[in-house]
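S.K.: Sharing a model that was predicted from the sequence below.
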Amino acid sequence: MPEGFYIGKLFIHFYGVIIMLGAVLAAWLSTVEAKRRGYNPDIIWDVMPWLLIAGIIGARIWHILTPPASMVEMGITTQYYLTHPLDAINIRAGGLGIPGAVIGGALALWFYTRKKKLSFASWVDIIAPGLALAQAVGRWGNFINQELYGAPTNLPWAIFIEPSRRLQEFIDVAYYHPMFLYESIWNLLNMALLLILSRKMKDKLFRGDIFLVYLVLYPVGRFLLEFIRLDPSNVGGINVNQTIMAIIAISAIILLILKRTLLKDKQSIEPYPEIALKAG
């Protein structure tokens, strides 16, 4: 399967194209949400470059800190990256972690809203469904690269993995769970539920709740999928990604409960008391 195409001497990876497509679709959906809530949708396009840059940096840092077991076996560890800075920043060679992208993007949005005197909780709610959509689209880049597949299976929807892409211990096994597809579908369901909640339960939600629900749903899906992942990120025998996903989901649930206990007499998520009318 081809991984990209040339424009002159520059090789364009389909993975990068798919990631950018997901980002654009996420921005579009976020503008729809912003307009529906009475906010200026231009703010999305204003902040988008910063979210992309911070997201990519965060995703790379996450990968550097949590390299998968197969890379560790080849000597590509966190220590390796720290002593080989050019390899550490070479994202064209692969290695991005979605949790890091979410953290990086959230930090960028926090700084942006703080500088523009906007409500971070309001805007992170607006962006959350688009974020889930971007993840759903972006996972198809893993299909192109024949990566992020699960355990061997004979199910009708199993995908064929080329020998060069298989782990050494499974070199003679041809068909695997399409883990990328499972996560893509999960993210689409996440997006749909967030959009439904923001419309059907707007009088019962507080600002920031939609993002907190995202922080429950995505980690739960990722936690479950890690059970069929062949190449987890292990530290001291513990699957780091799975453990952190569990912590994030539980923390988000606790915050949702606490908000209902401490803020039950406060104004709900809509209508918003302040309307951000200007992007600049």
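M.R.: Perfect, thanks for sending it.

S.K.: show me the contacts for the residue nearest the centre of the chain.
M.R.: In the chain, the residue lying closest to the centroid (C-alpha atoms, centre = their mean) is residue 98, at 4.1 Å. By C-beta atoms under 8 Å, 6 or more residues apart in numbering, the residues touching residue 98 are 59, 62, 135, 138. Every residue, glycine included, has its C-beta placed from N, CA and C.

S.K.: residue contacts, the nearest residue to the last one once chain neighbours are set aside?
M.R.: Same thing as residue 138. Excluding the flanking residues, the one nearest residue 138 by C-beta to C-beta, 6 or more residues apart in numbering is residue 22, at 4.3 Å. By C-beta under 8 Å, 6+ apart, the residues touching residue 22 are 133, 134, 135, 136, 137, 138.

S.K.: What residues of the helix or strand containing residue 22 count as buried?
M.R.: Using DSSP states H and E, residue 22 maps to helix 14-37. Neighbour-count burial for helix 14-37, counted by 16 or more other C-beta atoms under 10 Å, picks out 14-15, 18-19, 22-23, 25-27, 29-34, 37.

S.K.: Among the contacts of residue 98, which ones are in strands?
M.R.: Nothing among the contacts of residue 98 maps onto strands, per DSSP state E.

S.K.: Okay, strands next: where are they in the protein?
M.R.: Using DSSP E, strands in the chain cover 4-7, 10-13, 159-160, 175-176, 234-235, 238-239.

S.K.: Kindly present the ones you listed as TSV, with separate columns for mean neighbour count and distance to residue 82.
M.R.: Conversion of the strands of the chain to TSV gives the following (neighbours: other C-beta atoms under 10 Å; distance: least, C-beta to C-beta, whole Å):
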stretch	mean neighbour count	distance to residue 82
strand 4-7	10	29
strand 10-13	12	26
strand 159-160	14	35
strand 175-176	19	32
strand 234-235	14	15
strand 238-239	15	21
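
S.K.: Go through the ones you listed and find the least confident stretch.
M.R.: When those are compared by mean pLDDT, strand 234-235 comes last with a mean of 76.

S.K.: now that one, how far from the chain's geometric center?
M.R.: Averaging C-alpha positions (C-alpha atoms, centre = their mean, to the nearest Å) puts strand 234-235 21 Å from its chain's average.

S.K.: and what of stretch 56-70?
M.R.: The answer for stretch 56-70 is 13 Å, by C-alpha atoms, centre = their mean.
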